[in-house]
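Engineer: What follows is a predicted protein model with its sequence.
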Amino acid sequence: MSTELAKLTYHQANLAIKEKRPLIIPFGTQEAHGPHLPMATDSYCAECLALEIAPLISGLVAPALHYGITNSLFQYGTASNFSKPVYHAFVQELISTYLHQGFNKIVLMNGHGGNTESLVECARVLSVKFQALIIVVDWWEVTRPFLEKYYQGEGSHAGAEETAAILHFLPDLVHHSEQIEHEGTYRQPGYVPYPMDGTIIYGNDNTPSVPDLNEKKAREFMEDTIKVISEKIRKTIFFYTQRGIK
Ligand SMILES: [Zn+2]
């Protein structure tokens, strides 16, 4: 049976619900990611990670939501942006749909910081309402120790971590552009340009996690990332299952 929910027949989907298998829903947005990565980097990262992690937790992957909340990069390319109330309401109903149908362990695999607030709020409210386990995973945060280990940098947008993910999962979509070095900027506290004055955004000027196109390093970084996230999810599911949430 496929791990992709959209590829199952409804009989197979019903069986998955009956077996109380965890469901991973990938979230992202359309947003500029330097001259070297695709607009859908965030949802591709979330979806590809979900597909790798699903077999490790006996889970299934729901169709990804490729649209989200984009702010300071909205004016570049074909970015998507929904107001917070609209996005929040849509996401809440989407997650509720799966909970109504009987899934009771849901992982919201998020690839985009602009979505985090809504996803966390939905998880908090719906986990109580439906007596379910809902986990929000901002993958780039969970893998931060490995980012420091492999790339010696702090978190970024379109920098080392997202470049590694696309290089590992979808290498044909990485453009080996000479423009990379001209697109970098960093988020200085107290200085907020709209639109942002660069499409590769570093969290720190001193230790920027610059894009690195080394495929071997990308593979090792992503393998560690998949391992740490799947182990955390397994541990959380085990903890709750032991305490009554089946
Ligand atoms: Zn991104």
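Structural biologist: It's in.
Engineer: who's in contact with the residue of the chain found nearest the ion?
Structural biologist: Closest to the ion within the chain is Asp42: 4.2 Å, counting by CB to the ion. Yep, even glycine has a C-beta here, placed from its N, CA and C like the rest. For Asp42, the contact set (CB atoms under 8 Å, 6 or more residues apart in numbering) comprises 28-29, 31, 33, 68, 111-112, 162.
Engineer: now with 7 Å?
Structural biologist: 28-29, 31, 111-112 (CB atoms under 7 Å, 6 or more residues apart in numbering).
Engineer: Over to Met109. Which of the three states is it?
Structural biologist: strand (DSSP: H, G, I helix; E, B strand; the rest coil).
Engineer: List the buried residues for the longest helix anywhere in the chain?
Structural biologist: Ordering each helix of the chain by length in residues (DSSP state H) puts helix 215-242 first. Neighbour-count burial for helix 215-242 flags 217-218, 220-222, 224-226, 229-230, 233, 236-237, 240 (criterion: 16 or more other CB atoms under 10 Å).
Engineer: now these in CSV, with pLDDT and distance to the ion?
Structural biologist: Shown next, in CSV, are these (pLDDT from 0 to 100; distance: CB to the ion, whole Å):
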residue, pLDDT, distance to the ion
Lys217, 97, 19
Ala218, 98, 15
Glu220, 98, 21
Phe221, 98, 16
Met222, 98, 15
Asp224, 98, 19
Thr225, 98, 14
Ile226, 98, 18
Ile229, 98, 17
Ser230, 98, 21
Ile233, 98, 21
Thr236, 97, 25
Ile237, 96, 27
Tyr240, 91, 30
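Engineer: Let's have those residues in CSV, adding distance to Val125.
Structural biologist: Below are the buried residues of helix 215-242 laid out as CSV (distance: CB to CB, whole Å):
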residue, distance to Val125
Lys217, 40
Ala218, 37
Glu220, 38
Phe221, 34
Met222, 32
Asp224, 33
Thr225, 29
Ile226, 29
Ile229, 24
Ser230, 26
Ile233, 21
Thr236, 18
Ile237, 20
Tyr240, 17
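Engineer: Name the nearest of the residues you listed relative to Pro145.
Structural biologist: Checking these against Pro145 with CB to CB, the nearest one is Asp224 at 8.9 Å.
Engineer: Spit out the contact partners of the closest residue in space to that closest one that isn't next to it in sequence.
Structural biologist: Among residues not flanking Asp224 along the chain, Phe146 sits closest, at 4.7 Å (CB to CB, 6 or more residues apart in numbering). The neighbourhood of Phe146, defined by CB under 7 Å, 6+ apart, consists of 221, 224-225.
Engineer: residues contacting Tyr44?
Structural biologist: Tyr44 touches 38, 166, 169-170, counting by CB under 7 Å, 6+ apart.
Engineer: redo that, cut-off 10 Å
Structural biologist: Tyr44 is in contact with 26, 28, 33, 37-38, 64, 66, 111, 162, 165-166, 169-170, 173, counting by CB atoms under 10 Å, 6 or more residues apart in numbering.
Engineer: mind checking pLDDT for the closest residue in space to Met39 that isn't next to it in sequence?
Structural biologist: Nearest non-adjacent residue to Met39, counting by CB to CB, 6+ apart: Gln30, 4.8 Å away. For Gln30, the model assigns a pLDDT of 97.
Engineer: Please apply the same query to His182.
Structural biologist: The model's pLDDT for His182 equals 92.
Engineer: Buried residues in stretch 7-14, which are they?
Structural biologist: 8, 13.
Engineer: Kindly report the same for stretch 167-178.
Structural biologist: 167-170, 174.
Engineer: and the chain, which of its residues are near the ion?
Structural biologist: 41-42, 162 (CB under 5 Å from the ion).
Engineer: CSV for these, including distance to Trp139, secondary structure and pLDDT?
Structural biologist: Shown next, in CSV, are the residues of the chain next to the ion (distance: CB to CB, whole Å; DSSP: H, G, I helix; E, B strand; the rest coil; pLDDT from 0 to 100):
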residue, distance to Trp139, secondary structure, pLDDT
Thr41, 12, helix, 98
Asp42, 10, helix, 98
Glu162, 10, helix, 98
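Engineer: Brilliant, that's me finished.
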